[in-house]
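Colleague: The sequence isn't on hand, but the structure is:
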């Protein structure tokens with residue numbers, strides 16, 4: 001009976017234009033961008049609202065080399081966590097999304113900061129590139145990944161592999 005009353009009050013409030021509390025959640029979307037002259041080729045977008053504080057979240061993170069040059073083929077170079085402009089995101093492919101709670105979001109941001117604070121040179125095409133970055137973020141949000149994947153230089157294919165390893169992603 002209580003649930004019915006609550007549902008009716010919520011419906012009435014909506015009809016009268018009264019604001020009702022929204023369920024807070026942050027959506028983490030995993031993106032790939034086919035190879036081109038802009039980087040990173042794998043990144044995440046986080047959007048939503050934190051339940052505990054009501055703070056709005058709207059950001060994105062990817063990992064790339066500070067200077068893209070032939071030096072990345074020779075070994076490690078300076079790397080950094082980058083945010084991309086909305087036009088770059090719009091031209092990229094969202095592969096899948098997951099909804100996380102406040103605690104998981106906090107762990108996700110801690111992992112992003114860990115990559116930001118890495119000792120330089122931190123970017124390695126073979127050991128620490130944009131795909132390695134999103135792989136670790138996928139683990140933080142509870143997804144299975146293949147740490148021995150052969151797709152660490154193929155962002156879209158890697159994310160499709162993650163999707164296959166996690167049937168709940170559809």
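Modeller: Received, thanks. Worth saying up front: this structure is predicted, and the values here are computed from it rather than measured.
Colleague: Report the contact partners of residue 55.
Modeller: With contacts defined as C-beta atoms under 8 Å, 6 or more residues apart in numbering, residue 55 is in contact with residue 49. In short, each C-beta sits where N, CA and C put it, glycine included.
Colleague: Nearest residue to residue 166 in space, ignoring adjacent ones along the chain?
Modeller: With sequence-adjacent residues excluded and distances taken as C-beta to C-beta, 6 or more residues apart in numbering, residue 166 is closest to residue 143, at 5.1 Å.
Colleague: surely the one you found meets residue 97?
Modeller: No. Proximity of residue 143 to residue 97 does not meet the contact threshold set by C-beta atoms under 8 Å, at 11.1 Å.
Colleague: so how far is the lengthiest strand in the chain from its chain's centroid?
Modeller: As far as residue count goes, and with DSSP state E defining each element, the longest strand of the chain is strand 56-65. Averaged C-alpha coordinates place strand 56-65 at 7 Å from its chain's average position (C-alpha atoms, centre = their mean, to the nearest Å).
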